[in-house]
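1. Below is the structure, and that's it, no one-letter string:
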């Protein structure tokens, strides 16, 4: 057994097995996780590291502060708007710019609509497959799934046994084709998947519904006034910055 | 045996009627005449699903995010029935060794018959150490997967041109797919944009599956059907440009009236993309419609062409890429000067009419 003291003050015990997960999938970017397990299967040390670096900090140096939002937006394509907003706020803070109430309202609307779609992506398409087992969903009883759905959200119209049976059939045929696509090589027999088949079927159905929601979501803004009308009324950071320079 | 797209759709409980409707929508989104719908239907009925390896290098996942928002065809149908998206580390269930094993399996099993989709690009500095996947530099994974693929799709501006990580000073020496030394000589389709429009992405996939060939590409390797026109050419604010009505400040009357954003730095006149025709989120809007100029995200090196709020004429090397098919830089520069003169002239005409200015 070797125990090394790290500069951060941790004891690094690499006596037992070393388990590496690289790449960690269903995240934005690239990541490696590594754990050391001792004789009793207890994790004694864990390291995670981002394995990609693009140097946006370096690239931003010496650029026009009005453009910074677009650069930092590319830090992450899943939570883009958040990075942009934070950057705009930082620039405003540095230049002591106060924004009008209208601008703040528009930003909040945009931020909240981003949050809606971001939650969906994160919850279903990125995270769900860690605890939802689509293969197990094939064993579910659609009637019981329907009852489960109705007990959770009684007002959801998509909760009939037939609806879940249709999804289950589509899923069954997808799995039977042998080309599992994104579900290929999953850990479907692992006991860590604890959900009963009914919950799995319900969650897989929602996983597919959420995909449809993404392209429907923007239409919720369609009937509102043209954005240009609103945008014209806000004094943005660009304009104020320009005035300051004059 | 690999199942065809039609088999899969039928087996998943989709009616023939819906299937045909899907085919005509796809034909429409590809800009083809309705006569092509039966051709697409025939192709989908007889051709097997193609396995796809979707690799991620230096990127931000915005291309994947855009892709899952496609309305015609629906991303759900593309993922479940059209392709076999066997490796895409943003949505795949497997991780670690299990994930990497898929790349080996597909390369072995479908030699020469799978599509390699690349999101992001490879850093070449420090032997590629700025992007590591499964303990190996990304550039190695890319070369390995490219060796036996059928064609490469370069998703987004990263894979096509280099994008933000390749902006000056390009600290990681990020290099777009077609410029990577030693990469297998395969046909490459560039689908630039940061990100590309969702329907453009799925339409390119649908075209590849239907006709088993690359869509017609322009000189720079982009599908002509989506990248042959500038944003400016089909912009709904174009009449204001021609009339010399420009926004001068973000809060002036012209901005409220939705006039042309050229003077606010709009890069529409030099950007080849389908935003002003296809628009975003199933035609809901696009940046100019929301009151902000185009930043030119589908153009090579758009990060280093002067500020996003600087008028195009300020840019020294303006117009080098202005026309993808123009011969040589000189012709392109003339086009650039032409645009500036064009804008100046219309403004002049405008000024001559008393009381014409909005302010």
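-> Done, it's in. Remember, predicted model here, so these are calculated numbers, not experimental data.

2. Only C-alpha atoms from now on, for both contacts and neighbour counts.
-> Fine.

3. So which residues of the chain form strands?
-> In the absence of a named chain, this looks at chain A. A:3-5, A:11-13, A:17-21, A:31-37, A:43-50 (DSSP state E).

4. I was thinking of chain B, sorry if that wasn't clear
-> B:50-56, B:83-88, B:115-119, B:122-123, B:132-133, B:136-137, B:151-155, B:174-175, B:188-191.

5. Can you give the domain ranges for chain A?
-> Domains of chain A are assigned by automatic domain parsing as A:3-50, A:123-219.

6. Can you tell me which of those domains is most buried?
-> domain A:123-219 (a mean of 18; mean count of other C-alpha atoms under 10 Å in any protein chain shown).

7. Columns distance to chain B on top of the domains of chain A, output as TSV?
-> Below are those laid out as TSV (distance: least, C-alpha to the nearest C-alpha, whole Å):
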stretch	distance to chain B
domain A:3-50	4
domain A:123-219	4
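
8. so which of the ones you listed comes closest to residue B:273?
-> domain A:123-219 (20.5 Å; C-alpha to C-alpha).

9. contacting residues for the closest residue to residue B:228 other than its chain neighbours?
-> Leaving aside its sequence neighbours, residue B:228 sits nearest to residue B:272 (C-alpha to C-alpha, 6 or more residues apart in numbering or on different chains; 6.4 Å). Going by C-alpha atoms under 8 Å, 6 or more residues apart in numbering or on different chains, residue B:272 touches B:227, B:228, B:229, B:230, B:231, B:298, B:299.

10. Which of those residues fall in helices?
-> residue B:227 (DSSP state H).

11. Out of the contacts of residue B:272, which comes closest to chain A?
-> residue B:298 (13.9 Å; C-alpha to the nearest C-alpha).

12. Any figure for the gap between the closest residue in space to residue B:68 that isn't next to it in sequence and residue A:84?
-> If the residues on either side of it in the chain are set aside, residue B:68 comes closest to residue B:75, at 5.1 Å by C-alpha to C-alpha, 6+ apart. Using C-alpha to C-alpha, to the nearest Å, residue B:75 is found at 27 Å from residue A:84.

13. of the two, who's got more company?
-> Ranked by neighbour count (other C-alpha atoms under 10 Å in any protein chain shown), residue B:75 and residue A:84 place residue B:75 first, with 24 against 20.

14. pretty sure that one contacts residue A:211?
-> Yes - with contact defined as C-alpha atoms under 8 Å, residue B:75 counts as touching residue A:211 (7.3 Å).

15. okay, and the common contacts of these two?
-> B:68, B:69.

16. list the contacts for the residue lying closest to residue B:266 once chain neighbours are set aside?
-> Excluding the flanking residues, the one nearest residue B:266 by C-alpha to C-alpha, 6+ apart is residue B:293, at 3.9 Å. Neighbouring residues of residue B:293 by C-alpha under 8 Å, 6+ apart: B:261, B:262, B:264, B:265, B:266, B:267, B:268, B:287.

17. The third one against residue B:295, yeah?
-> No - the pair residue B:264 and residue B:295 does not pass the contact test of C-alpha under 8 Å, sitting 10.7 Å apart.

18. about what we covered before: dump the strands of chain A into JSON lines; add mean pLDDT as well.
-> What follows is the strands of chain A, written out as JSON lines (pLDDT from 0 to 100):
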{"stretch": "strand A:3-5", "mean pLDDT": "77"}
{"stretch": "strand A:11-13", "mean pLDDT": "68"}
{"stretch": "strand A:17-21", "mean pLDDT": "89"}
{"stretch": "strand A:31-37", "mean pLDDT": "90"}
{"stretch": "strand A:43-50", "mean pLDDT": "87"}
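
19. Identify whichever of those lies nearest to residue B:165.
-> strand A:43-50 (16.3 Å).

20. Can you work out which other helices and strands pack against the closest one?
-> On a contact count with 3 or more C-alpha pairs under 8 Å, 6 or more residues apart in numbering or on different chains; DSSP states H and E, strand A:43-50 meets strand A:11-13, strand A:31-37.

21. what do you get if the cut-off is 10 Å, keeping everything else the same?
-> Here strand A:43-50 touches strand A:11-13, strand A:17-21, strand A:31-37, going by 3 or more C-alpha pairs under 10 Å, 6 or more residues apart in numbering or on different chains; DSSP states H and E.

22. so what's residue A:73 up against?
-> A:79, A:80, A:81, A:82, A:83, A:84, A:85, A:86, A:87, B:60, B:62 (C-alpha atoms under 10 Å, 6 or more residues apart in numbering or on different chains).

23. contacting residues around the closest residue to the last one other than its chain neighbours?
-> By that I understand residue B:62. Of all residues not flanking residue B:62 in the chain, residue A:77 sits nearest, at 3.9 Å (C-alpha to C-alpha, 6+ apart). Residues near residue A:77 by C-alpha under 10 Å, 6+ apart: A:28-29, A:83, B:59-66, B:194-195.

24. Could you point out which of the contacts of residue A:73 is nearest to residue A:203?
-> residue A:79 (23.2 Å).

25. so that closest one makes contact with residue A:113?
-> No - Residue A:79 is not in contact with residue A:113 according to C-alpha atoms under 10 Å; the separation is 11.3 Å.

26. in the stretch 51-200 of chain B, which spans are helices?
-> For the stretch 51-200 of chain B, applying DSSP state H, counting those that start in this stretch gives helices covering B:62-67, B:75-77, B:96-109, B:138-147, B:156-160, B:198-211.

27. gap between the last one and the chain center?
-> A distance of 12 Å separates the centroid of the chain from that of helix B:198-211, by C-alpha atoms, centre = their mean, to the nearest Å.
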